[in-house]
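Trainee: sequence and computational prediction follow.
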Amino acid sequence: MPPLSIHSFPSAILHVDGDSFFASCEQALNPKLKDKPVVVGKERGIATAASYEAKSKGVKRGMRVSEIKKLCPNCIFLPANFETYGLFSQRMNNIVRRYTPEVEEYSIDECFANLSGLRRPLKMSYSKIAARIKKVLEIELGITFSLGLAPTKVIAKIASNWNKPSSLTVIPGKDIHLYLENLPLERIWGIGHQTSAYLKKLGVYTALEFASQSEKWINSNLTKPHQQIWQELQGISVLPVEHQTQRNYQSITRSRTFTPPSNDKDFILAKLSQNIEAACAKARRHQLAASQIFFYIKTQEFKYYGAQIKLKQATNFPGRILNLIEKYLPQLFSPHKLYRTTSITLSKLKSNNRTQMDLFGQAQQSIKLAKIYQGIDRLTSKYGKQTIFLSSSLNPHAVNKHSYQPLKQNVALSGKYMRKKLNLPFLGETR
Ligand SMILES: [Mg+2]
């Protein structure tokens, strides 16, 4: 098979991914937990995250505590503390920003960084820069990371996932084909369950087979997002690292469509919770807080059930929003219907409350973990331990025979359009 690209690094994109992030944060904060099997998610009785020591005993995300105790009797169970993980996340992003301002905060434990053009000013190869970033992250945060370096975001994602945990995988353009050869389609970032099933019907089974299709074939069989993935797989960077801070958002929406449709309320709530976490993370990133939210669940028959809620105080923390949604969801949900999509919109966004930002600001600047402790204590005393939402984001049936797959995370419809379409009732917040 000839190489997909003759160049090594026409552009250099780094993907950084925290290993077993939540469990690792707990281990970094409490040395007694080091090298021990740790499971986060005690408050819901389901593993939200597991340390590598626990994973080596067969513990998986989504397992019930009772089940884990049988597998691993000496497992240590901890409640999730999202605010703490958020602080670690901010520290991670800020460390990467020391090397390049072009950092995209992709999720709580993942970011992309554009290293293109940094070889000369830093007098290092891209691999050396990536290795340096990894070392600094691990020393300063006390947890391990898996990094992927490649010419594009899609390949960088494949690279970081190649040899977890604590790895740096470098895939220059001319070697891409070697990594795609036996890679299942589902392992490509952006290729969901449905698209891979569709591609298989067309006779395309591996990432390399997909990447090797002609442009004509791709354009006649696939839509633009998948055409872009095809280009990225060939080492042509078309998905930019989205680092620019936009402060003029009208609203932030996150939706998830899953298959098969479900009538399981816990599962639906978990999907909503994931949306809330993602939307709040984006709001915090842009230093915005929402004073109104609306959410909906959509049935298989494309019927929408939703509610709009005014908040007494603007927020960008998932815990409070989830509490409200948990309260209103039973009024909208029917066990006799099958649902396929959940969505949350944060609206009436305004600049974040200064006190809150100062707390984060201080924690960000601190280099030592002791400082993070201070920040956490302050946050905890100020906001209380908001642990419920994190574990609630977990698919409660992750280990069941049904494998639910999110198909798309982004939004099809604008908030304004949806509100009109749904004609949602206004509900007041009661706390
Ligand atoms: Mg991770």
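Mentor: Thanks, I have it.
Trainee: CA only for contacts and neighbour counts going forward, please
Mentor: OK.
Trainee: okay, the closest residue to Ile236 other than its chain neighbours: pLDDT?
Mentor: In space, and not counting its chain neighbours, Ile236 is closest to Thr152: 6.6 Å by C-alpha to C-alpha, 6 or more residues apart in numbering. On pLDDT, Thr152 comes in at 98.
Trainee: now the one 10 residues further on
Mentor: The predicted local confidence for Trp162 comes out at a pLDDT of 97.
Trainee: quick check: closest non-adjacent residue to it.
Mentor: Using C-alpha to C-alpha, 6+ apart, the nearest residue to Trp162 is Thr169, at 6.9 Å.
Trainee: which residues does that neighbour bridge with?
Mentor: Assessed by DSSP bridges, Thr169 has beta-bridge partners Gly148.
Trainee: ok, it touching Ile158?
Mentor: No. The pair Thr169 / Ile158 is not scored as a contact, 9.0 Å apart, by C-alpha atoms under 8 Å.
Trainee: if I look at these two, which residues touch both of them?
Mentor: Common contacts of Thr169 and Ile158 (C-alpha atoms under 8 Å, 6 or more residues apart in numbering): Gly148.
Trainee: sorry, back to before: from Ala307, how far off is the residue nearest to Ile236?
Mentor: 40 Å (C-alpha to C-alpha, to the nearest Å).
Trainee: quick one, which of the two is more surrounded?
Mentor: Thr152 (31 against 23; other C-alpha atoms under 10 Å).
Trainee: how far away is that one from Tyr179?
Mentor: 14 Å.
Trainee: how about Ile46?
Mentor: 34 Å.
Trainee: so what's the residue count around Ala283?
Mentor: Quick note: Ala283 (other C-alpha under 10 Å) scores 25 neighbours.
Trainee: okay, it: pLDDT?
Mentor: pLDDT, read off for Ala283, is 85.
Trainee: wasn't it part of a strand?
Mentor: No. Counting by DSSP: H, G, I helix; E, B strand; the rest coil, Ala283 is not part of a strand but helix.
Trainee: so which residues make contact with whichever strand or helix holds Asn219?
Mentor: In the assignment (DSSP states H and E), Asn219 maps to helix 215-221. Contact with helix 215-221 is made by 227, 230, as judged by C-alpha under 8 Å, 6+ apart.
Trainee: buried set for it?
Mentor: Ile218 (16 or more other C-alpha atoms under 10 Å).
Trainee: residue of the stretch 1-150 of the chain closest to the ion, please.
Mentor: Gly18 (4.2 Å; C-alpha to the ion).
Trainee: next, count neighbours for that residue.
Mentor: 26.
Trainee: surely it touches Glu110?
Mentor: Yes. The criterion here is C-alpha under 8 Å, and Gly18 meets it with Glu110 at 6.5 Å.
Trainee: just the helices from the stretch 1-150 of the chain, written as ranges.
Mentor: Assigned by DSSP state H, counting those that start in this stretch, the helices in the stretch 1-150 of the chain fall at 21-29, 52-55, 65-71, 82-97, 119-122, 126-141.
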